[in-house]
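A.B. asks: from the sequence below, what's the structure:
(chains A and B)
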Amino acid sequence: MFEAIAFYTFSAVTIAMFTITVMSKNALYAMSALAAGMIMISGFFFLLDADFLGVVQIIVYTGAVMAFYAFGMMFFNTTRLVKENIRAPKLVFLLSGMSALLLVVALVAPIVSDHIEPFYPVVEGVENPQAVGIVLFTKYLVPFELAAVMLLVAMIAGIILAGKKMDESLTLKVDGEDEFQNKGSK
Amino acid sequence: MTMTEFVISTIVKILVVLGIFSALAGFGTYLERKVLAFMQRRLGPMHVGPYGLLQVLADGIKLFTKEDIVPQNSIRPIFMIAPVIGAATAFIALAAVPLFPEFEIFGITVHPIISDVNVGVLFVLGVMASGLYAPLLAGMASANKWGLLGAARTVIQLLSYEVVTGLSIMAPLMMVGSLSLIDINNYQSGGIGDWIVWSQPVAFVLFLIAGFAETNRTPFDLLEHEAEIVSGYATEYSGMRWGMFFIGEYTNMITMAFLASIIFLGGFNDLGFIPGGLAIVLKVSFLFFFFLWTRAAWPHIRPDQLMWLCWKVLLPLAVINVVITGLVLMI
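C.D. replies: Take a look at the predicted model:
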């Protein structure tokens, strides 16, 4: 019974949060609701005894959504409303509704018809992180390593793109000598 | 144990932990002022009660009865919810920390841990990390330039130092082979010689330094650096909402002290003639004192020095430490 209570609480809060994310015109509301929703999803993983994935959900999404906040801080005044320019609201509604419906059908169909067979069922006596590790380093080893290499490439590219003049310290410069003024004088 | 018993015992544990740790957080402010005062040859709070012991109570009354001001242009709901996030995440993080060894009371064996998640360390660090939404949201919602600067510093500082925390405990975790704090504790059950701090001194120092940055303590308290950005994210706050940030901060300090003593300093194992429960209290008290000691001994550092320290010194050291530990474990 307690599991049912927990499940319905978490799902109600998650849906409410993501609704706010989509509907709100205030950037700060949207981002906060997104973060809250992402953290609430971890509750489902804990209910399913997938502790490791639950914690990863919390850690990854605190970091990832934080990046949105940084963008929000740089590009918007978060205390003002964002004007949305939607030309064809009916079309947007139809397309997003259809894709949501498609997702639900695709995920529910195998459950309804009982055609699910777990290739790697939960092994009794093996703890959750170890189970994840075993699958990750046997069946999914190549995709895992590929993803790691891709991330490394992306990181190095990011550093090179952003890292011009990183060895110069802005705080140690004399006033009137900063980058913008140099550009202006050229 | 039936489901109902489990729920009741968990609720009792939650209430006990909440009560004790919010009181301890309040008492921590008194301790901090006293310790700093002695280190600077002052007396500190002396007027309320014997040796100023009731100062905490007086501060509490002041905070509770102050007017709760919400500035005009701020985003009201988020401004009001931000301090709650700070206090709540600090307490939720405590849920997976084993505070004491098991003991018996009225014939019932009590496990002094609210929820024994088998990824305990990750859970505690992850939830503490999500506590950084408190200063971030507070700064962004309060429509104040100092607040915004404080929020920007939050993102930079806490996200960077989380990387160091994670990498520094990776090496001890590789040795133990488990993410459960209880397993880590049991790994060091053979007395002082078994403490992980002897085999992982670098990781211990890195973890402590990153802990200072994550709990926003001097020398890394740039989020609310009085001399530069008034009070950072907390500029617009007053009364109990301001107080809640500090309950969160002190609870985080205690959690960090618990984590450091469980992972590196032998946890709640018996220490010679000292029983385990007392041993961990002593270790946590010493680490808490160490936080205050550092505050008295070190000045603030500049934000660029902070970033330099994180990415150019601590991070490479942590990675090298992990690689060397891996090599030693393999050979």
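A.B. asks: find the nearest non-adjacent residue to the residue nearest the centre of chain A, please.
C.D. replies: Nearest to the mean C-alpha position of chain A, counting by Cα atoms, centre = their mean, stands A:Y61 at 5.1 Å. Nearest non-adjacent residue to A:Y61, counting by Cβ to Cβ, 6 or more residues apart in numbering or on different chains: A:M38, 3.7 Å away. To be clear about C-beta, it is placed using only N, CA and C from the backbone, and glycine gets the same treatment.
A.B. asks: that neighbour - how many residues pack around it?
C.D. replies: Using other Cβ atoms under 10 Å in any protein chain shown, the number of residues around A:M38 comes to 21.
A.B. asks: wait, what's in contact with the residue nearest to the centre of chain A?
C.D. replies: Contacts for A:Y61 were tallied using Cβ atoms under 8 Å, 6 or more residues apart in numbering or on different chains; they are A:A35, A:M38, A:I39.
A.B. asks: spell out which parts of chain B neighbour chain A.
C.D. replies: Contact residues, chain B versus chain A (Cβ under 8 Å from any Cβ of the partner chain): B:3, B:7, B:73-75, B:77-78, B:117-119, B:122-123, B:125-127, B:129-130, B:132-133, B:136-137, B:140-141, B:143, B:148, B:151-152, B:155, B:159, B:162, B:178-179, B:302, B:304.
A.B. asks: re the thing from before, check for me that the residue nearest to A:Y61 belongs to a helix.
C.D. replies: Yes: assessed with DSSP: H, G, I helix; E, B strand; the rest coil, A:M38 lies in a helix.
A.B. asks: quick check: the gap between it and B:Y133.
C.D. replies: 11 Å (Cβ to Cβ, to the nearest Å).
A.B. asks: check B:T2 too.
C.D. replies: Distance from B:T2 to B:Y133, counting by Cβ to Cβ: 37 Å.
A.B. asks: neighbour-wise, which of those two wins?
C.D. replies: Per other Cβ under 10 Å, whichever of B:T2 and B:Y133 has more neighbours is B:Y133, with 25 against 7.
A.B. asks: leaving out chain neighbours, which residue sits closest to that one?
C.D. replies: Leaving aside its chain neighbours, B:Y133 sits nearest to B:I85 (5.3 Å; criterion: Cβ to Cβ, 6+ apart).
A.B. asks: and if you look at B:L63?
C.D. replies: Leaving aside its chain neighbours, B:L63 sits nearest to B:G243 (4.2 Å; criterion: Cβ to Cβ, 6+ apart).
A.B. asks: let me see the ranges of the helices in chain A.
C.D. replies: A:2-23, A:27-47, A:51-75, A:89-112, A:128-138, A:141-162, A:179-185 (DSSP state H).
A.B. asks: ignore the last one, chain B
C.D. replies: Going by DSSP H, chain B shows helices at B:3-39, B:55-65, B:76-94, B:120-130, B:133-141, B:145-176, B:181-187, B:196-199, B:201-214, B:226-229, B:239-263, B:276-297, B:303-308, B:315-330.
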